[in-house]
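> how would this look folded up:
(2 chains)
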Amino acid sequence: MKLLDSLRFRIATLFHRSRMNAEMEEELRAHVQHRADDLQRSGLPRPQAERRARIEFGGHVRYKEESREAAGGTLVESLIQDVRFALRMLRKSPGFAAVAVVTLAMAIGANAVVFGFMDALVLRSLNVPQPQSLYIIERGTDKDSSESYPDYLDLRDRNRSFDGLIAYNIDQAGLDTGKNLSRVWVYEVTGNYFDALGIQPYLGRLIHASDEHAPDIVLTYAYWHSHFQDDRSVMGRVLHLNSHPFTVIGVTPPGFRGTVLIFSPDFFVPIVNQQQLDSDNALNARGNRWIGEVLGHLKAGVTPAQAVADLNSIGSDLEKTYPKEDAQMSFSLERSGLPGGSFSSALQAFLGGLMLLAGLILLAACANLGSLFAARAADRSREVALRLALGAGRTRILRQLFTEALLISLIGGAAGLWGSVVLLRWLNVWQPFPQYPLNMPVNPDANVYGVALLLSLVSGLLFGAVPVKQVLRTDPYQIIKSGSVARVGRRITARDALLALQIAICAVLITSSMVAVRGLVRSLHSNFGFEPRNALLVDTDLNMAGYKADSAPAMQKRMIDAMVSISGVTSVGVVNIPPLQAACCSESNIFTDKTADLRPSNAATRVVMFSISPEYLQVSGTPLLAGRDLTWHDDKHAPRVAVVNRLFASRVFGSATNGLGGYYKVDDGTRIQVVGIVEDGKYSPNITEDPRPAMFLPILQSPSTETWLVVRSSANAQELASAIRTKLRDLDAGLPTFIQTWNQAMDGALFASRMAVAALGILGLMGAMLSITGIFGMAAYSVSKRKRELGIRMALGAQRKEVLQAALGRGFKLLAFGSAAGLLLGILASRVLASIVYQATPRDPLVLAGVVLAMTLLGLLATWIPAQRALSLDPLILLREE
Amino acid sequence: MTDQAQLLPGTLDLLILRAVSLGPLHGYGVLLRIGQISGNALLIEQGALYPGLFRLVRQGLLKANWGTSENNRRAKFYELTAAGRKRLREETNNWNRLVTAIGSALGPQTEEV
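From the prediction side, this is the model:
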């Protein structure tokens, strides 16, 4: 109040308000005195004369108020009065104030956090000049953003719609720092990358199209800052990436971190140097779609539709010219920023859904507070009546009530915003996956603050508006005469409707969070087609240590032997990339044995492809259904063989059993015989995707430098990891390794569902808390209002059951209606969830029962105290009191 | 009391201007003067005068100064400004036109038609 007083003083002196006030008071008093003088002169004694003069003057407060308004510009002053009064009223009922503020803080905080995500991941674009005209090119019906280098060149040189098409690929490389190999994340970029994006160097120079063949390297500001301590002399230094020398030529500006919103790379190298980073040269292979993304600024005046038409005409021409490599060359455009395709649309749908739920929470909170305010206004009807009788205008009283509502909503909003800013700041630096430089750039900006303020104001007005009608209807004469009377009507009041609405909303939230949790639990226990428990994954890349594809298998064999020699290790296998990892998996077209023309459109199906060592299937726990496992004898000199999954067999050979011993072709025409059939599994890290056909090729026949060791052991993971590290260092000290349990490694695949479940779980909890406070408020209020009636009933011999029914029956009816409506809506809304949370289905008896049980429990919990209060009423005391 | 007429809305300002046009007055004096010039025929609640006074001051039609009243009390005296005088003239003309029009409309000859 001290602060407020000083504020008031300052504003008052600023406008000469307090002087004017005093003068006005003096003037009105002078009037009454003059009148009294006259009356006295006519013979009345002074006291009576003054009294009469005051009566004749009329509503002093009202005329003063009107005069002040007439004098103009009293808004600030009356606002300060209102705020002070509101603060006083709130201090008089701290419980009410606390509940209201906390409720709103949670609701607005939830909205601010969800909006923060929305803002960062959907609304905000990349930190490059003119991001709004930057589009990613996606190919085919499944919106694949990958391209081959020759196709990219054709698209770049032949299109007339883009201001320079750029391409990049994200790759991991081993950086030789002298001591040991450290893993760095590299953007392989086309020469025009920085120029087309309009990025200027922070230091030195960037890569240009004219000098892209030089082995140059550009550091990101973050890497330069953290690894070179802002050392400017680093320019010109030579760094060894995958044992190849690169010269540092520049540093990108601080805000720039590539063209994927959630990924921060370390280096940029020219894409034409790809061969030095990868073991094979993919620059000339038109069928090898290894480039991550092709994107560019649309030319001014070119619409996305025109650009798509332009690209499609190039695409159909490419299909005709290169029938063996190019198929499905129809294109679409996607706004840049997020990894494209199904993930980004699912994320958008999910964030949209969350925003909706958060909005519902806020609405429920408003309904909650609205009914609290209405109850409060009813309790204060005497005060309102008194003020009306003293000449206060109804608008002024309403303004006072709104001030109170807005004050609460602003305090709540500020608290909520503070909480959400803390949370968002934390999430901003949070790296959910230790081995990937991924984070969510959700630092709150002005938009978030603005939205929080707006929501506070809107919700304040919303719940402040609930008691308006009540105040307008107040008849001061009636109320002061007879005291406030609780009408015990059967009529459905606005308050009932609000409560039912609120309960329905909460039931929606609880339903969807339960659906999500059940889905996650099921997906954690679902059959991935392998057994992640009691297994370590050792991620190495022989290419980084200088091995080439032909020398890799021998090294892999030695690694396996070294692992097996560790005590406690039961079995070891090698795979190029394990399923459910971020980079999983390579794909390939395959053809039936009879197909002669191996163009992509004739492919039997597209399959996921693994290169595995003989023991891998057994180590990973992939069940072999028929045939045999691969062996070390399946080498370069032996006939080409493969193990395929059940779906592969049934899709290519008609049925699983037919497949065994059958032949198929891969796109270079090689015939491969199926020697074993395994169970289907999950392969790509998107675990909600449909089952896909897969083939497992022997590592000796299709070698890969990418090497993941799967080490199965029931020994302590940490001890095992250090033993593995020692063994590998003995084999090759320059080998970069990253060891984690298979369960940890699956975090990435389950991340989306986990986040979804966490978000929904929190919203569900909030919904539950809101419905508890809502029902509690209503029940407590109805008990306290009907004390006298309940007392009479008890005095007349009503049983406990009847008393309870009278006191709380209505609340329970509302609870039942609200829950039923909410459950239905929740089931409808949960369809969206199914696309994010694997195996989320609302048609689950456990979910239905869970929601009903939860709502009943909430109802019981919330009405417990009011019920006790109703039962402990003593009719004698009550009746005497009234 | 019963033969006093209710004021028409908006006429109080005009009456105040007219009352003050005859010389500076404090609030109670304005009231008395209105009573005097209207032959006590108008019912005005005393407090209702003040919002009107403040409104006129704000519009620049009146100006106010503190002084001492005939009862030897401190009081605020109002007098017309130039703009106030002009406004009074206009409003008086308007009012006369209005009264003539309404009067002839309600006059006996129209009733007979």
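> number of nearby residues for residue A:821?
For residue A:821, the count of nearby residues is 17 (other Cβ atoms under 10 Å in any protein chain shown). Using the backbone N, CA and C atoms, a C-beta is placed for each residue, glycine as well.
> give me the element it is part of.
For residue A:821, the host element (DSSP states H and E) is helix A:800-833.
> Show me what that helix packs onto, helices and strands only.
helix A:342-379, helix A:494-524, helix A:747-785, helix A:787-795, helix A:845-871 (3 or more Cβ pairs under 8 Å, 6 or more residues apart in numbering or on different chains; DSSP states H and E).
> Now that helix: buried residues?
Along helix A:800-833, the positions that meet the burial threshold by neighbour count (16 or more other Cβ atoms under 10 Å in any protein chain shown) are A:803-804, A:806-808, A:810-812, A:814-816, A:818-819, A:821-823, A:825-827, A:829-830, A:832-833.
> surely residue A:855 meets residue A:507?
Yes: under the criterion of Cβ atoms under 8 Å, residue A:855 makes contact with residue A:507 at 6.0 Å.
> dump the residue contacts of the residue nearest in space to the middle of chain B.
Nearest to the centroid of the C-alpha atoms of chain B, with distances taken as Cα atoms, centre = their mean, sits residue B:15, at 1.0 Å. Taking Cβ atoms under 8 Å, 6 or more residues apart in numbering or on different chains as the contact definition, residue B:15 lies against B:7, B:34, B:38, B:42.
> ok, 6 Å please
By Cβ atoms under 6 Å, 6 or more residues apart in numbering or on different chains, residue B:15 lies in contact with residue B:34.
> ditto for residue A:776
By Cβ under 6 Å, 6+ apart, the residues touching residue A:776 are residue A:862.
> what sits up against the longest helix along chain B?
Taking DSSP state H as the assignment, the helix of chain B that covers the most residues is helix B:82-106. By Cβ under 6 Å, 6+ apart, the residues outside helix B:82-106 that reach it are B:14, B:17, B:21, B:60-62.
> try 10 Å
Contacts of helix B:82-106 with the rest of the structure, by Cβ atoms under 10 Å, 6 or more residues apart in numbering or on different chains, involve B:8, B:10-11, B:13-14, B:16-18, B:20-21, B:56-57, B:59-63, B:78, B:80-81, B:110.
> just stretch A:304-313 next, same as before
For stretch A:304-313, the external contacting residues (Cβ under 10 Å, 6+ apart) are A:133, A:135, A:137, A:139, A:155, A:158-162, A:165, A:294, A:296, A:298-299, A:302-303, A:315, A:329-335.
> any low-confidence regions in the stretch 201-350 of chain A?
Scanning the stretch 201-350 of chain A for pLDDT under 70 picks out A:279-280, A:336-346.
> Start and end of stretch A:442-451, how far apart?
By Cα to Cα, to the nearest Å, the extent of stretch A:442-451 from end to end equals 15 Å.
> List the contacts of residue A:187.
Neighbouring residues of residue A:187 by Cβ under 10 Å, 6+ apart: A:168-171, A:193, A:218, A:220, A:252, A:257-260, A:263, A:265-269, A:271, A:292.
> now stretch A:699-714, how far from the chain's geometric center?
Chain-centre distance of stretch A:699-714: 35 Å, with Cα atoms, centre = their mean, to the nearest Å.
> and if you look at stretch A:551-558?
The gap between where stretch A:551-558 is centred and where its chain is centred comes out at 43 Å by Cα atoms, centre = their mean.
> same deal with stretch A:766-773?
Chain-centre distance of stretch A:766-773: 22 Å, with Cα atoms, centre = their mean.
> got it, and stretch A:731-745?
For stretch A:731-745, the distance between its averaged C-alpha position and the chain's averaged C-alpha position is 31 Å (Cα atoms, centre = their mean).
> tell me the mean pLDDT for the longest helix of chain B?
Throughout helix B:82-106, pLDDT has a mean value of 89.
> Helix or strand next in line after the single longest strand found in chain A, which one?
Scanning chain A for the strand with the most residues, using DSSP state E, yields strand A:162-176. The helix or strand immediately downstream of strand A:162-176 is strand A:181-189, counting by DSSP H and E.
> Tell me the buried residues in that next one?
Judged by neighbour count using 16+ other Cβ under 10 Å, the buried positions of strand A:181-189 are A:181, A:183-189.
> ok, so of the residues you listed, who is nearest chain B?
residue A:187 (68.3 Å; Cβ to the nearest Cβ).
> farthest pair in the buried residues of strand A:181-189?
Farthest pair in those (Cβ to Cβ) is A:181 and A:189. Separation: 22.9 Å.
> Can you tell me which helix or strand of chain B has the lowest average pLDDT?
Within chain B, judged by mean pLDDT, DSSP states H and E, the helix or strand with the poorest mean is helix B:108-112; its value is a mean of 57.
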